[in-house]
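S.K.: Return atomic coordinates for the entry below.
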Amino acid sequence: MKLPAKTCTVGFLQLRPKDYVVRMSMTAFAGSEGSFADFSYSIEIKTVNHRFLEVQVKLPEGMRSIENIIRQKFQQALYRGKVDIWIGVKRLQAGREVSLNPAIMKRWLLAFSDSGVMQSLGKPDWQTMLNLPGVLVESAVDQEGLNQAVLESLDTAIANLLEMREREGEQIKQVLLEQLEQIEQQMQTIDAAVPQIERQRREQLQEKIAALQMEINQDRLEQEIVFMLNKSDIREEIDRIRFHIQEARKSLNEQSAIGRKMDFLMQEFNREANTLSAKAGDNLLSKAAVDLKVIIEQMREQVQNLE
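M.R.: Predicted coordinates:
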């Protein structure tokens, strides 16, 4: 994965600085495996949608000292998402070196003798004795070296995770751009129908007033008709939705964490679509408003995945 010239380093991993982030999905999975001395280890990372950055780390007891380093790596690499990291370590049977601790074994035998266990149950067999805590001592573990090897493999896993998130983010971008195009087409359909809708509404108002068979000042009548038409005018909503389309396209081309901004724009799209629906006075506008809300909801679901 190509990185910009200016980077920061955490542990062994070079990361983008906070002012340089590409579009990313929050959903991804990555893993890595390796070995050190007589140990094998595996790493799994899973990220899903979340309003903030939440990192959960599961480590073997002997590696608790590197938990903060691991958290720091993800804080440098990601902005948002729920992150689950699992690291498992196994000691290879072929590489195990054990020695007998006679002093511990003698203590156990004395404890059995003093408690009267051997008088009632007899002497314990070798299998039982060797399984007692402290009787067999494994060779010392180079914990620092093992920790370093695991952290280096973790860097590889994080790099793979970022690449997957970027690929997913680019796919989401293309889907959202197509959906913005659909919204724009709906706006063209609605905009083209506005003059006809206004004529129909004017005629309907005039017919209702004529049915009252009342003497009405024509200037006053025209003022009232204009007032009522303005209340149901949808040009302002059309202009706002077109502005939101421009802002959404601009955001999708930014090299930054745009999830929150796009989520806000989806709320604005939905608000204008609801207003259009409320002002709908004929079948064409009602259908267009419903279709518009369906597209916006589909977009909102996609935007939830953006970092």
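S.K.: Please name the residues that touch residue 164.
M.R.: 28-30 (CB atoms under 8 Å, 6 or more residues apart in numbering). (Each C-beta comes from the backbone N, C-alpha and C, glycine too.)
S.K.: try 6 Å
M.R.: residue 28 (CB atoms under 6 Å, 6 or more residues apart in numbering).
S.K.: what's the distance between it and residue 297?
M.R.: Distance from residue 164 to residue 297, counting by CB to CB, to the nearest Å: 26 Å.
S.K.: next one: residue 49
M.R.: Note on residue 49: its distance to residue 297, by CB to CB, is 16 Å.
S.K.: With residue 266 instead?
M.R.: Counting by CB to CB, the gap from residue 266 to residue 297 is 9 Å.
S.K.: of the two, who's got more company?
M.R.: residue 266 (21 against 13; other CB atoms under 10 Å).
S.K.: if I read this right, the more buried one contacts residue 300, doesn't it?
M.R.: Yes. Between residue 266 and residue 300 there is a contact under CB atoms under 6 Å: 4.5 Å.
S.K.: Centre of the chain to whatever helix or strand residue 163 lives in, how far?
M.R.: Per DSSP states H and E, residue 163 falls inside helix 143-211. Relative to its chain's centre, helix 143-211 lies at 16 Å (CA atoms, centre = their mean, to the nearest Å).
S.K.: same check, this time on stretch 105-113
M.R.: With CA atoms, centre = their mean, you get 58 Å for stretch 105-113.
S.K.: and if you look at stretch 65-81?
M.R.: With CA atoms, centre = their mean, you get 15 Å for stretch 65-81.
S.K.: So which bits of that stretch are buried?
M.R.: Residues of stretch 65-81 classed as buried by neighbour count (16 or more other CB atoms under 10 Å): 66, 70-71, 73-74, 76-81.
S.K.: per-residue confidence at residue 5?
M.R.: Residue 5 is assigned a pLDDT of 35 by the prediction.
S.K.: and if you look at residue 285?
M.R.: pLDDT recorded at residue 285 is 79.
S.K.: Now it: which helix or strand?
M.R.: Per DSSP H and E: helix 283-303 holds residue 285.
S.K.: And for residue 32?
M.R.: Going by DSSP H and E, residue 32 is in strand 28-36.
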